[in-house]
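J.: I would like to see how this sequence folds:
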Amino acid sequence: MDKDYPKTAPDIDPPAFPAGKIITASCCALIAWGAAIRILWNDWRIDPQYSYGPLVPILVLGLLVKRWEDRPAAVPICHKEGGLALIVMLLSALLLALVIPMAEANPDWRPLGIIAVGLVILLSLSLIFLIGGNPWLRHFSFPILFFLIAVPWTRNTEQAIMGLLMSWNASVTTELLHWAGFEAVRQGNLILLPAGILGVEEACSGIRSLQSGMMVALFFGEIFRLPWTRRVFLLLLAICAAMAGNIIRSILLAWIASTQGITAVASWHDPAGLIVLLLSVGVVLGCALLWKNPRLGDESISHQARLSPLPKNPDFLPALIAVTLLMIVSLVGTEGWFRVHEQGATENLNWELQQRKVGAGVSAVSIPSETLRMLFHPTGFSEHWSRNSEEGQVFYFRWPPGRTAVQAVSMHNPEACLSGIGMHVQKPLDPFVYENQGVRIPLRAWLFESHGSPVYVFHAILHEGVKPGDAAEDPEDSLKGRCENLLLGRRNHGQRMVEVALWNLPDETSARRALVHYLDEALSFSPSSAPLNP
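T.: Alright, predicted model coming up:
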C-alpha cells in the first residue's frame, strides 16, 4: 500500500535513501572529482590566468546547496533509461581511469584536463539521473557544468585569443592616446612613448579579467536565478566590461608614463589592474542584483519536494562499487607504475651552458622579474655579445623536476614571444643539430625580420632524466611520443631551454657558424650537472 506524506507535516520524514548507496555514491563522486582536479591543479597553481581555479569547486558546492533547497521531487526511471545511464557512468569511469596515467606522463597536455573534466561531468550527471530522474538532471545540471569555467583552455586557443587581445589593446590604446594629444607609436604589442616603452603583456591582454568576469556573471546569474535571456546579457556585459577595463588600464599606465616617467608605471601596474577588475565585477554584480528574481528565498515551493520519497530506481550499488574501485586502482596503479620505472639513478644531460665573463664585447642582460614569474621562476641567465659585425643574444633557462617545467617552456616560444615585441616571422628554417663530445642538441630555427634586418633564431628544449637521444628529439611533441612516455614510465624530471638570436649576418650559413662558435665557447662538460643558481 502506498503511503501518503502530508504537505504540512514537518515531523514526517521521507524514507531514507539506503545508507550504503549514499556512502558509496559520495566516495565515487569525491574520488572522480579529486582525480580531475589533480590533473588541473598545477595549471591553477602556476598560471596566474587560472589562479581563481581552486575557488571554483567551492562555488560549485555552494550552487549545489542552493539547488538542493528547492529541488524538485524525484521521479522513477524505467529500466531502459537506467541501463543507459549505468553504461554512460561505467564508460566515463573507464575512460577517466585511462586518462589519469596519461596525464601523469604528459602534464602539459591540456586536452587531457578537458577530457577528464568532461568525463567526470558525465559520470556525475548519470549518477544524479539514476537517483532522481529527469527533474533532478535538469535541476542540478548547471552547478555541475559551472565547473567548466575553471578548465584551462588549450594552449593554441589561449595563445590565439591572448595575441588577438594584446594586439587589439595596443592598437586601441595608441589611437586613444593620439586623440588625447599624447605622442605614441605602436610596434607589435609595444607602445613607444617619449618617456620610454610600455609593453602590453599577457597580464594586460585582458584574458585574465575576461575569464574572471565570465565566472562572476555565470555564478551570480545562477545565485539570483535570472532568466536565461538575462544570464546571456550578463555574460556579454562581463566580456565587454573586461575588455573596456583593460583599455582603461593601458591608457592610465600610458598617461602615468608620459607625465611621471616610465619608472612610475611599475608601482601603478598591479593597483590599476585590481581597480579595473573590481569595477568590472561591480558592474556585473550591480546588474545581477537589479535583475534579481523576486521569488528568490520562497521556500514553500520546495516543501513537498523535501517530503517526497526517493523512488525505487534500478539498483546501481554494484556499479557504484565498481566505479569506485576502478578509480582507486587507476590512481594507485599510476603512481606505482612510474615509481617502478624511476628506481635507480636517472641519466642527466652531462653538459652545462656557462655565462661568459663580462668584457670583450660580452655583457650580461638583466631578466625582468615579471618575465621570470611568467616562466615560473627558472634558473639561468641571458647575455649579449658583439663581435666584429656579428651581434647576438642568448637565453638559457633550467627548470627543476615537476610539472612546472613542461608548462613553462611550452607556453613561450620564439614565434609567440618575438612577434610580441614587433619582430616578424619570415619563414622557418631547417632544423640544426649541434654535436660536441657526445652532446647532441637539436635546435629549431627561424628567420625573423626586425626593422628591415634579418634575425636568425635557434631554439631547443631538452628533457632531463631520460636518455640523451630521447631528450634530444623532444618526444612529447607527437602523440606517439606522449604514449611512449606512459609506456616507458617516463614523467618530467626537469627541462632546459636554449635560445640564441643572431643579427647582422649575411646568410643562414654564417648564422649556423656563429651559433657553433658560441656553443663551443659556452659549453662545459661534467658527469652530472647541477642546477644553476638564480
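
J.: E352 and L252: what is the separation?
T.: Going from E352 to L252 by Cβ to Cβ, to the nearest Å gives 44 Å. To be clear about C-beta, it is placed using only N, CA and C from the backbone, and glycine gets the same treatment.

J.: just F525 next, same as before
T.: F525 sits 51 Å away from L252, going by Cβ to Cβ.

J.: Settle it for me: which of those two has more neighbours?
T.: When F525 and L252 are compared for neighbours, L252 comes out ahead with 18 against 12, by other Cβ atoms under 10 Å.

J.: Let me see the backbone angles for the residue nearest to the more buried one when sequence neighbours are not counted.
T.: Nearest non-adjacent residue to L252, counting by Cβ to Cβ, 6 or more residues apart in numbering: A272, 5.4 Å away. With angles defined as degrees, to the nearest 10, A272 sits at phi -60, psi -40.

J.: can I assume A272 is in contact with I251?
T.: No - between A272 and I251 there is no contact under Cβ atoms under 8 Å: 10.0 Å.

J.: Is the residue positioned nearest the centre of the chain part of a helix or strand, or is it coil?
T.: Most central in the chain under Cα atoms, centre = their mean is P152, positioned 3.8 Å from the mean C-alpha point. Secondary structure state of P152, per DSSP: H, G, I helix; E, B strand; the rest coil, is coil.

J.: Next up, the contacts around the residue lying closest to it once chain neighbours are set aside.
T.: Using Cβ to Cβ, 6+ apart and skipping residues adjacent in sequence, the residue nearest P152 is D43, 4.5 Å away. Shown in contact with D43 (Cβ atoms under 8 Å, 6 or more residues apart in numbering): 50, 53, 110, 113, 152, 407.

J.: And the third one, its phi and psi?
T.: The one in question is R110. Torsion angles at R110 (phi, psi; degrees, to the nearest 10) stand at phi -60, psi -30.

J.: and the gap between the residue nearest to the centre of the chain and E104?
T.: P152 sits 17 Å away from E104, going by Cβ to Cβ.

J.: quick one, helices of the stretch 151-300 of the chain?
T.: For the stretch 151-300 of the chain, applying DSSP state H, counting those that start in this stretch gives helices covering 155-179, 207-223, 228-260, 265-290.

J.: and I262, what pLDDT?
T.: The model reports I262 with a pLDDT of 78.

J.: Could you tell me how many residues sit around it?
T.: Neighbour count for I262, taken as other Cβ under 10 Å: 16.

J.: Can you check my assumption that K427 lies in a helix?
T.: No - read with three-state DSSP, K427 is strand and lies in no helix.

J.: beta partners for it?
T.: L447 (DSSP bridges).

J.: burial of it, as a residue count?
T.: By other Cβ under 10 Å, neighbour count at K427 equals 9.

J.: so how far is G196 from it?
T.: 32 Å.

J.: same deal with H341?
T.: According to Cβ to Cβ, H341 and G196 sit 52 Å apart.

J.: ditto for I247
T.: Separation of I247 from G196 (Cβ to Cβ): 20 Å.

J.: and what of N485?
T.: As judged by Cβ to Cβ, N485 and G196 stand 45 Å apart.

J.: what about I247 and G196, which has more around it?
T.: Just comparing I247 and G196: by other Cβ under 10 Å the higher neighbour count belongs to I247, 17 against 13.

J.: Number of residues surrounding the residue nearest to the more buried one when sequence neighbours are not counted?
T.: Leaving aside its sequence neighbours, I247 sits nearest to V172 (Cβ to Cβ, 6+ apart; 5.5 Å). For V172, the neighbour count with other Cβ under 10 Å is 17.

J.: I figured V172 hits R249, correct?
T.: No - if you go by Cβ under 8 Å, V172 and R249 don't touch, sitting 11.9 Å apart.
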